[in-house]
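1. Output the structure for:
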Amino acid sequence: MKLSQISEALGTMLENASPDTEITGVAGIEHAGPGQVTFVANVKYTAAAKTTKASAVIVAENFPAISTGMLRSKNPYLAWAKAVELFYQGPRYAPGVHPTAAIHPTARIGKNAHVGPYVVVDQDAEIGDNAVLLAHVVIYCGAQIGNNFFAHAHAVVREFCELGDNVVLQNGAIVGSDGFGFAKDDSGHWHKIAQGGIVAVEGDVEIQANACIDRASVGETRIGHGAKLDNMVHVGHSCTIGHDTLLCAQVGLAGTTDVGNNVVLAGQVGVAGHVKIGDGAIAIAQSGIPQDVPPGAMVSGSPAIDHKLWLRYCAVYPKLPEIARAVRKLTEGD
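-> Prediction:
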């Protein structure tokens, strides 16, 4: 593919390179060679961009000029994602049902479905058109799933859960596992609370490997349109996740957490139950959130506080022994 074709496909402006340069693939900036495209999304990587052997580098519109060919973009990271798609095509799965699949007579699956080995689709489950269910996927009874569903091996959708169009479940993702609900009886034993609610997943959601979305005891747990949940994320019962929200690896939400739209919770953020996180908020990795977070806030630490204030706290920590010694001297002097 010629560099000019790539530039047109990505909506970038080509500089300092021949439009007829042949491009055969993409690679990271340290490993890219002639005939490949790479990218940088931050000016701190200017030095690496100057020394790369790539034929062209996807950069921001205000990125400093370099001798290597440049593809200037308003959103270089998105342009890079689209460039990867130009050269990588995942496996294609032909329509058909593997002979080992177990599909209940009352289940309904739309046209052009690929149903792999040992898949189970239970009674009264409904799946739309163009579904791909890879080996050992299990769809429980009464589940309702839209078009273009893609479930990787060992993904599970539990009973009566509802999934919209274009939902992707990576390996081992569980939608609708029981919420963690127990009540202690008079003898001190835990009595399980029946989890009769559902999980509702709106369209264009991706739930990645080994993430668990708990069903509610009553009502629903809801994942909003376009939300993306990373590996090993846990969403407790009765939570609500807004549209286009990002939950990174090992985020854990206790029950009845309300997360707004366009929120980013970085890796290993933990949120206490009955907390509301406002639209556009960001929590830095390993933050512990015990109380409501206002819209647009950036928080970090545990318990989480304003990020800038947390950075000031961090700057003081190394000085605490010195401060303690000074305080002791003042106390002794009294």
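2. which stretches of the stretch 201-334 of the chain have low pLDDT?
-> Along the stretch 201-334 of the chain, segments meeting pLDDT under 70 span 333-334.
3. what about the helices in it?
-> For the stretch 201-334 of the chain, applying DSSP state H, counting those that start in this stretch gives helices covering 307-316, 320-333.
4. could you dump those helices to JSON lines with distance to Ser55 and mean neighbour count?
-> (C-beta placed from N, C-alpha, C; glycine too.) Listed next are the helices of the stretch 201-334 of the chain as JSON lines, based on distance: least, C-beta to C-beta, whole Å; neighbours: other C-beta atoms under 10 Å:
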{"stretch": "helix 307-316", "distance to Ser55": "39", "mean neighbour count": "12"}
{"stretch": "helix 320-333", "distance to Ser55": "52", "mean neighbour count": "9"}
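5. want to throw those into TSV with distance to Ile289?
-> Below are the helices of the stretch 201-334 of the chain laid out as TSV (distance: least, C-beta to C-beta, whole Å):
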stretch	distance to Ile289
helix 307-316	12
helix 320-333	25
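6. Who are the contact partners of Ser4?
-> Residues in contact with Ser4 (C-beta atoms under 8 Å, 6 or more residues apart in numbering) are 14, 19-20.
7. typo on my end, it should be Ala143
-> Counting by C-beta under 8 Å, 6+ apart, Ala143 touches 122, 125-127, 157-163, 176.
8. Filter the contacts of Ser4 down to the buried ones.
-> Leu14 (16 or more other C-beta atoms under 10 Å).
9. which one of the contacts of Ser4 sits closest to Gln208?
-> The shortest approach to Gln208 among the contacts of Ser4 belongs to Leu14, at 34.5 Å (C-beta to C-beta).
10. tell me what the strand or helix carrying the closest one is packed against?
-> For Leu14, the host element (DSSP states H and E) is strand 13-15. When contacts are defined as 3 or more C-beta pairs under 8 Å, 6 or more residues apart in numbering; DSSP states H and E, strand 13-15 sits against helix 3-10, strand 69-73.
11. Could you list every helix and strand in contact with the last one?
-> So that's strand 69-73. Secondary elements touching strand 69-73 (3+ C-beta pairs under 8 Å, 6+ apart): helix 3-10, strand 13-15, strand 56-60.
12. how many neighbours does Gly196 have?
-> As a burial measure, Gly196 scores 12 neighbours (other C-beta atoms under 10 Å).
13. Doesn't it belong to a strand?
-> No: using DSSP: H, G, I helix; E, B strand; the rest coil, the assignment for Gly196 is coil, not a strand.
14. In this structure it contacts Val218, no?
-> Yes: proximity of Gly196 to Val218 meets the contact threshold set by C-beta atoms under 8 Å, at 6.1 Å.
15. and of the contacts of Ser4, the nearest to Lys308?
-> Taking these together and measuring to Lys308 by C-beta to C-beta, the closest member is Leu14, at 39.7 Å.
16. Would you mind naming the residues that bridge with that closest one?
-> Leu71 (DSSP bridges).
17. Go ahead and confirm it touches Ala79.
-> No: counting by C-beta under 8 Å, Leu14 does not reach Ala79; the two are 12.0 Å apart.
18. anything in contact with each of these two?
-> Leu71.
19. Now do the contacts for Pro303.
-> 288-291.
20. got it, and Ile282?
-> Applying C-beta under 8 Å, 6+ apart, one finds that Ile282 lies in contact with 263-264, 266, 297-299, 307.
21. Pick the most buried one from the helices and strands packed on strand 13-15.
-> strand 69-73 (a mean of 22; mean count of other C-beta atoms under 10 Å).
22. Please enumerate residues in contact with that strand?
-> 3, 6-7, 10-18, 21, 37, 55-61, 63, 79.
23. What is the burial count for Asp258?
-> Neighbour tally, Asp258, other C-beta under 10 Å: 18.
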